[in-house]
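Q: okay, here's the prediction I keep looking at, along with the sequence it came from:
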Amino acid sequence: MAIESRLNETQQRRLLNNAKYADRLLADVEAILNASESKSIFPKYVPDVSLAQAKLIRNYVARFRDQLARALDGLGIVQAGAAFSSVHCIRVNLAFVRVAVQEMAPHYVRGGGEVAASVVPQLQGLCAELEGLVERLDSSLAQGSAADLQGRLERLQQTDGGVELLQLLDRIISARGLVELRPRLAMIAERLESHRFEIAVFGRVSSGKSSLLNHILRTAVLPVGVNPITAVPTRLIHGPEAVLTVSYADRRTERLAIGCLPEFASEVNNPTNVKGVVRLVVELPSERLKSGLGFVDTPGLGSLAAAGAAETLAYLPQCDLGVVLIAAGTPLNHEDLATIRLLYEAAIPVKVLLSKADLLVPADLESALAYTAGEMRTELGVKIDVHPISTAASHAQLVEQWFAGELAPLYEKHQELAQESIRGKSGALREAVEAALQAQLNGATAGQTLQKEDLLTLERELREAAGKLEDARVFCSHASDEIRSLTAWALDAAANALLKAWAGGAKGVDAGAVVAAAIAETAGTAARVQAYLRGLARTLTLALQTTAATLGRQDAPAEEELLRPLREIPRFDPPPIRLSFRRPWLLRPRALARRWIHGKLRPDLEQPLSTAFSTYRRMVESWARRALAELQLAFDSSADAYRAQLGRLLGQGAATMEEQQAIRGELALLAARGGSGKDAAGVAPEIRTAAATER
């Protein structure tokens, strides 16, 4: 208990300031100790403090602080708490680290003279590697308690059990500094925590998507109407209370009342997504969501919001089930067929619904169901049952019957497959940890057979492959910027095409179709970007597979895994072609006729084309940015593990006897988890093979 102080305020302040100064100097002493023990490649201090001396220093520092704190307390001097968040300060420093890394890029280094072409990929790859590490650390810190894998696994053990292997892997990964494997462990934990089965609803504008979801969830939260939905899918998940979470492109998030949803999800209130929304998540205390189901209301295909259609198609690979709605009375069209085809290509189950069935009499309804199924069989070569539904009170039982008979069994099957997949991923992670531990023992096959020069070559080739991602960003940026100038090119192409068609002498030339075809030919930028990125994906895959094979690993990704983000590209949505003129009487001289046609086309098409190409540029830019991010994530998830193994094999020296003993003990524990003809998760090899195929 503190005694009454006989010191006045000035004396107390002086004493406190000197105590703070002394404590700060001792913190500097601790920092010197830590720095001398660190693995910095640019050391400031000679590590000449023995282990005994270091322990002695820390003990005296602790005793000094303990006595100082008791003395201040006895004098009644209040010690203020910490002023700054450690996590915040670390993240600020990481921001400056990121800047320092970015300034290693070739265009900064050129300030000291021209950089050799052979070195540019190395520098770009180095920046990509280091920025990726900083970004992953910063992201983990930003997650706060969500990044505490140990705590998350303990909670899973209490609720679901069966996570002993993951807890063992977490301890080994932490103890051995295998940070490159933490993202894979976090992903498995996330899959265990989330039993969600995500169903995405696709369809044209006014096909009844929002009405169907409102009916299933017994709510009126989703805006219903004929206006196009903006370029942001809306996720509906379970939550203790109704709330809307809006995520923006600048990483801001807002939690708002559910009634605010139309401000972000409708084209009227958020035209072409001018508010920069990247995610809308609606939490509802719905019983049907509580079991793990989640729904996504996607932008309408074929809507005036062309960017919304592109976002919808880009979302395809993320869902577990695709439901395609076709309104009764509107025939199946090419966009419906394209959506179904893409779902099949992504190995995603498809359900096709004929909505607004109450509008048709029974005979017409049977005819519409047969026609839709027949068209899909003819055009796609697949047999898909079509179910009639309606949200009208007179036909509401159709929705309930479809939900109980089609969705519920599929969800149960999904849960079984998800558990198999998780067990397979756990087994694969155990093998990766074993490989890393063997490398630390310097007993890996690659370490015995490869020379240092071979290892350095592998590391350099991985770095150069990563550097090509920066080249791709520059290419995609330039390609999307070129779209700004396509209006003039499109008008020239249209004038030339019209002149050629009219001069050919053919009768009944459809001028609008000729112009539309000429304009479409100028809008091939997205295909060019896609072709470039597909070539990049193949290059990255080859680099990973070569490295894995040389290191004796079997976990290199297949080419398809890196190509997956590049499947669907934005399509150019040309404006309606309405020409206010007809074929001129004279088409010679050709140059004069061409100039006349061009002059007539400009007032009809210049502004609509400018608007269409502006929208198209944003679509291509957004698609390329997202595709590159996914491509880099897929590459880094494997490359980081290979880089870490190469680092361990490159001259870190053999582990000490004590470390070797500990590592062998950990390997024994992991081996025990993989006995009896099963993997570490207790899964038979044939099941793990099936799970790997599902991955």
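A: Happy to help now that I have it. Computed from a predicted model, the values in this text were never measured in an experiment.

Q: ranges for the strands of the stretch 301-450 of the chain?
A: Assigned by DSSP state E, counting those that start in this stretch, the strands in the stretch 301-450 of the chain fall at 321-327, 350-355, 386-388.

Q: among these, which comes closest to residue 572?
A: strand 321-327 (23.1 Å; Cβ to Cβ). The way it works is simple: take the backbone N, C-alpha and C, and place the C-beta from them, glycine included.

Q: about what we covered before: could I get the strands of the stretch 301-450 of the chain as TSV with mean neighbour count and distance to residue 636?
A: Output for the strands of the stretch 301-450 of the chain, formatted as TSV (neighbours: other Cβ atoms under 10 Å; distance: least, Cβ to Cβ, whole Å):
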stretch	mean neighbour count	distance to residue 636
strand 321-327	23	29
strand 350-355	24	32
strand 386-388	20	42
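
Q: in a markdown table: those, plus mean pLDDT and distance to residue 114.
A: Compiled in a markdown table, those are given as follows (pLDDT from 0 to 100; distance: least, Cβ to Cβ, whole Å):
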| stretch | mean pLDDT | distance to residue 114 |
| --- | --- | --- |
| strand 321-327 | 87 | 52 |
| strand 350-355 | 89 | 55 |
| strand 386-388 | 89 | 64 |
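
Q: of the ones you listed, which is nearest residue 84?
A: Ranking these by proximity to residue 84 (Cβ to Cβ) places strand 321-327 first, at 47.7 Å.

Q: okay, angle between the closest one and strand 350-355 too, please.
A: 30 degrees (axes from the mean of the first three to the mean of the last three Cα atoms, to 10 degrees).

Q: which strands and helices sit next to strand 321-327?
A: Secondary-structure packing of strand 321-327 (3 or more Cβ pairs under 8 Å, 6 or more residues apart in numbering; DSSP states H and E): strand 197-203, helix 334-345, strand 350-355.

Q: rank these by pLDDT, which is bottom?
A: If you rank the helices and strands packed on strand 321-327 by mean pLDDT, helix 334-345 sits at the bottom with a mean of 78.

Q: for it, output the C-alpha coordinates as PDB.
A: Listed next in PDB are the C-alpha coordinates belonging to helix 334-345 (Å, rounded to 0.1, in the frame of the first residue of the first chain):
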ATOM      1  CA  HIS A 334     -26.900 -17.900 -75.100                       C
ATOM      2  CA  GLU A 335     -26.100 -16.200 -71.800                       C
ATOM      3  CA  ASP A 336     -28.100 -18.800 -69.800                       C
ATOM      4  CA  LEU A 337     -26.300 -21.600 -71.700                       C
ATOM      5  CA  ALA A 338     -22.900 -19.900 -71.300                       C
ATOM      6  CA  THR A 339     -23.500 -19.800 -67.500                       C
ATOM      7  CA  ILE A 340     -24.400 -23.400 -67.300                       C
ATOM      8  CA  ARG A 341     -21.500 -24.400 -69.500                       C
ATOM      9  CA  LEU A 342     -19.000 -22.500 -67.200                       C
ATOM     10  CA  LEU A 343     -20.500 -24.100 -64.100                       C
ATOM     11  CA  TYR A 344     -19.900 -27.500 -65.600                       C
ATOM     12  CA  GLU A 345     -16.400 -26.600 -66.700                       C
END
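
Q: chain center to it: distance?
A: Averaging C-alpha positions (Cα atoms, centre = their mean, to the nearest Å) puts helix 334-345 23 Å from its chain's average.

Q: got the contact list for residue 554?
A: residue 548 (Cβ atoms under 8 Å, 6 or more residues apart in numbering).

Q: how about it, secondary structure?
A: coil (DSSP: H, G, I helix; E, B strand; the rest coil).

Q: and for the one 3 residues further on?
A: For residue 557, the secondary-structure state derived from three-state DSSP is coil.

Q: look at the residue nearest to it when sequence neighbours are not counted and report its pLDDT.
A: Distance criterion Cβ to Cβ, 6 or more residues apart in numbering; nearest residue to residue 557, sequence neighbours excluded, is residue 638 at 5.6 Å. pLDDT for residue 638: 83.

Q: quick check on residue 638: phi, psi?
A: When quoted as degrees, to the nearest 10, the phi and psi of residue 638 stand at phi -90, psi -40.

Q: does it touch residue 545 like I think?
A: No: applying Cβ atoms under 8 Å as the test, residue 638 and residue 545 come out as separate, 9.4 Å apart.

Q: what about those two, which has more around it?
A: residue 638 (24 against 16; other Cβ atoms under 10 Å).

Q: for the more buried one, give its distance to residue 472.
A: Using Cβ to Cβ, to the nearest Å, residue 638 is found at 18 Å from residue 472.

Q: gap between residue 276 and residue 618?
A: In terms of Cβ to Cβ, residue 276 sits 11 Å off from residue 618.
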